[in-house]
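Engineer: what follows is a predicted protein model with its sequence.
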Amino acid sequence: AAAVVLRPPAPGAGVAGAPGVDVVDTAVFTDTATAGHMTWEVTDLGFRMGLSPRVPEVLAEHLPLVVKDLLARNGLGVGDVRGWAVHPGGPRILHTVEDTLGLAPDALAASRTVLAEHGNCSSATVLLVLDALRPALGPGDPAVALASGPGLTLYATLLRGGPARPGGGPD
């Protein structure tokens, strides 16, 4: 399990008012033509996920536009991003993100480590990746969190490293 605590910035603190990371902007894109590529069905035995092997190619089709638009409207490009918290649905997803966005081979190290150590933990996985990535982000460093879900829907969130916590330690 994983959880996130969101709170507004302190009065007068602007967007960088708390340790951790700041949520700057989000983008969501749903390709309704591929709705059957990722599904969740509630059964008597719990949730059953349907996943097409075509998910990586659908993500590759839409990922560049979604990410580049999110970054551009915030005055950034892919090369400005200091951290990538990509939900590691599997190795093919990570390769697709890396190749499609032209990322350096080590850009998704946190995602690969979480996948190797924990596997795919559904929605909580991207939060585990973000937690692994946070110590490497300096104050104000841009990072992007990416995940996908049923629909087929792509979620992208622009984050910025918050100020260091006084005395170090976890946030």
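Structural biologist: Here it is on my side, so go on.
Engineer: going by C-alpha atoms from here, please, whenever you check contacts or count neighbours.
Structural biologist: Noted.
Engineer: can you pull out the helices in the protein?
Structural biologist: 55-72, 91-101, 109-118, 124-133 (DSSP state H).
Engineer: tell me the mean pLDDT over the last one?
Structural biologist: What that stands for is helix 124-133. Averaging pLDDT along helix 124-133 yields 90.
Engineer: so where's the protein shaky on pLDDT?
Structural biologist: In the predicted model, the chain carries pLDDT under 70 at residues 9-19, 36, 39, 50-52, 163-171.
Engineer: hang on, the earlier thing: could I get the helices of the chain as TSV with distance to residue 43 and mean neighbour count?
Structural biologist: Below are these laid out as TSV (distance: least, C-alpha to C-alpha, whole Å; neighbours: other C-alpha atoms under 10 Å):
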stretch	distance to residue 43	mean neighbour count
helix 55-72	23	17
helix 91-101	27	17
helix 109-118	25	18
helix 124-133	21	20
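Engineer: strands along this structure, start to end?
Structural biologist: 21-30, 38-43, 46-51, 83-86, 142-149, 153-161 (DSSP state E).
Engineer: list the neighbouring strands of the fourth one plus their orientation.
Structural biologist: Put plainly, it is strand 83-86. Partners of strand 83-86 in the sheet, by DSSP bridges, are strand 142-149 (parallel).
Engineer: the last one too?
Structural biologist: For strand 153-161, sheet partners with direction are given as strand 21-30 (antiparallel), strand 142-149 (antiparallel), following DSSP bridges.
Engineer: and the longest one, which residues are buried?
Structural biologist: Just to be clear, that refers to strand 21-30. For strand 21-30, the neighbour count (16 or more other C-alpha atoms under 10 Å) marks 21, 22, 23, 26, 29, 30 as buried.
Engineer: tell me how far the nearest residue to the fourth one once chain neighbours are set aside lies from residue 33.
Structural biologist: Read that as residue 26. Using C-alpha to C-alpha, 6 or more residues apart in numbering and skipping the chain neighbours, the partner closest in space to residue 26 is residue 157 (4.3 Å). In this view, residue 157 and residue 33 are 23 Å apart by C-alpha to C-alpha, to the nearest Å.
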